[in-house]
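K.L.:
what follows is a protein structure lacking sequence information:
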């Protein structure tokens, strides 16, 4: 019996993972709205929306009036002619897998809705705290905790150059970037995007990099000749 029970729970767990994997991802900012439109074109006589397998909204022509269930009461509008579902002012309680049955038939379209926060405006931190023009290398970090805003991507910009997608932490080496005056970073997730104020390069040096010194020396030597 224990073996059968364990197999049953494993099967249910695998099905849940598979259902989620096949679903269309939808990212919504906390307090925002989501609009789910199943691709159904026929006449609808009954419809049942579920959230994580629990009843969300239900309607059956001539049998059951349109009913919304907790926690969707006051947040939801269902169009019984098209099957379109709108959820407003969303919270973490509304996050999860949305499925719909139309005319007693489960629809293939599934929606994995994730409710996340906007990214905060980042600031650039340099480590170690003793990082200065006398250092050989330092690490720059874009922003701090972003757990509730994931997934987050990071980009960096040197002076007025183009943005380059990178990691949250960026190692800078004096021999490579001593001529760069400022760094700016940008954080982006599916619902927002913000960038930092430019930060002075802690390794900045008025001296030209060695390669540029050699170039200048060659030019000067050629001119004097």
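P.N.:
The structure has been received and is ready for your questions. Keep in mind that what you see is a predicted model, and the values were worked out from it rather than measured.

K.L.:
for burial, what's the neighbour tally of the closest residue to residue 31 other than its chain neighbours?
P.N.:
Excluding its sequence neighbours, the residue lying closest to residue 31 (CB to CB, 6 or more residues apart in numbering) is residue 89, at 5.8 Å. C-beta: built from backbone N, CA, C; applies to glycine. Using other CB atoms under 10 Å, residue 89 is surrounded by 11 other residues.

K.L.:
what kind of secondary structure is residue 89 in?
P.N.:
Under DSSP: H, G, I helix; E, B strand; the rest coil, the three-state class of residue 89 is coil.

K.L.:
residue contacts, it?
P.N.:
31, 32, 33, 75 (CB atoms under 8 Å, 6 or more residues apart in numbering).

K.L.:
quickly list what the closest residue to residue 80 other than its chain neighbours is bridged to.
P.N.:
Counting by CB to CB, 6+ apart, residue 80 lies nearest to residue 59, which is 5.1 Å off, once chain neighbours are set aside. On the basis of DSSP bridges, residue 59 is bridged to residue 47.

K.L.:
pretty sure residue 59 contacts residue 47?
P.N.:
Yes - with contact defined as CB atoms under 8 Å, residue 59 reaches residue 47; the gap is 5.4 Å.

K.L.:
quick one, which of these two is more surrounded?
P.N.:
Set residue 59 next to residue 47 and count neighbours by other CB under 10 Å: residue 47 wins out with 26 against 19.

K.L.:
mind checking how far the more buried one is from residue 103?
P.N.:
Remark: distance between residue 47 and residue 103 (CB to CB, to the nearest Å) = 8 Å.

K.L.:
likewise residue 79?
P.N.:
Separation of residue 79 from residue 103 (CB to CB): 15 Å.

K.L.:
which one is residue 138 nearest to, not counting chain neighbours?
P.N.:
residue 131 (3.8 Å).

K.L.:
the one you found: what's it in contact with?
P.N.:
Applying CB under 8 Å, 6+ apart, the residues near residue 131 are 138, 202, 203.

K.L.:
what do you get for residue 132?
P.N.:
Applying CB under 8 Å, 6+ apart, we find residue 132 in contact with 202, 203.

K.L.:
at 6 Å instead, please
P.N.:
For residue 132, the contact set (CB atoms under 6 Å, 6 or more residues apart in numbering) comprises residue 202.

K.L.:
done for today, thanks.
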